[in-house]
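Chemist: with the input below, show me the fold.
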Amino acid sequence: MAPPSWLPLRTAQQCSNPHAQGIKEVGYARWVFVTPETVFTKHFQGYLNALQSQAQLDRIVINECHTTLEGNLAFRPKLRELGRLAQRGIQMVYLTAMLLITEEATFFNLIYSTPKSATFFRFPTTRPNIRYSVSSFNIKGVNNIGAAVAATVQQSTDQILTQYASTAKAIIYCQTKKATQALAEALGCDAYYSDVGTEDEKARRLRD
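Modeler: Below you'll find the predicted structure:
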């Protein structure tokens, strides 16, 4: 949690010190940034109660709100609890460019609301410097699907990297930690996920 004027400095300090702890007490701040894991701690709830009792809590904004659907017992379970914030009775703002229309009903159940009670603002999500494409491959007759997937990903990655300088890097996203580990081993590259190692080890992987 930090006032905006201090946020860049604090962010720089945290980047240089992986063991830096979050700010434990905040006075008046126009904006407060907090992780899902911190929202329902006793300390932060007390802070919100104090703001709300003084009519200083104007609204709560949840960025990348589609991630509330991704939380489960094994991965950031607190994500699915963010909808409870709506029970405070103040204005809620949900921002996302990734929420599928087919998932809206589930999302509204999680935030204790309905589409009729919400106001939607929709804008194009296209960007001139971003290109999307979908590739498929046939797995019929393939004995080792994992190896086939790794080979296909390697081929696609190599094709993309040829368009950039030799120092360019690519990030490959997988749906599960197990898939991430398997693909990283097959490609001979580093893997990154929540419990991959200590903060120092994570910093090294990002640096390398």
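Chemist: just give me how far the helix ranked longest in the chain sits from the chain centre.
Modeler: Determined from DSSP state H, the single longest helix within the chain is helix 145-161. Centre-to-centre, helix 145-161 and its host chain are 25 Å apart (C-alpha atoms, centre = their mean, to the nearest Å).
Chemist: for stretch 63-70, same thing?
Modeler: Centre-to-centre, stretch 63-70 and its host chain are 7 Å apart (C-alpha atoms, centre = their mean).
Chemist: end-to-end on it?
Modeler: One end of stretch 63-70 to the other measures 14 Å (C-alpha to C-alpha, to the nearest Å).
Chemist: repeat for stretch 159-166
Modeler: In stretch 159-166, first residue to last residue: 12 Å (C-alpha to C-alpha).
Chemist: give the rounded mean pLDDT of that stretch.
Modeler: For stretch 159-166, mean pLDDT is 86.
Chemist: what's that stretch in contact with?
Modeler: Applying C-beta atoms under 8 Å, 6 or more residues apart in numbering, the external contacts of stretch 159-166 come out as 168, 170. Every residue, glycine included, has its C-beta placed from N, CA and C.
Chemist: next, the buried residues of that stretch.
Modeler: When neighbours are counted by 16 or more other C-beta atoms under 10 Å, no buried residue of stretch 159-166 is found.
Chemist: how about stretch 75-93?
Modeler: Applying 16+ other C-beta under 10 Å to stretch 75-93 flags 76, 79-80, 82-83, 85-86, 92 as buried.
Chemist: let me see the mean pLDDT of that stretch.
Modeler: On average, stretch 75-93 scores 91.
Chemist: tell me how far the ends of that stretch are from each other?
Modeler: 24 Å.
Chemist: need the contact partners of that stretch.
Modeler: Under the contact criterion C-beta under 8 Å, 6+ apart, stretch 75-93 has outside partners 36-37, 39-40, 48, 52, 57-62, 65, 67-72, 110-113, 194.
Chemist: all good on my end, thank you.
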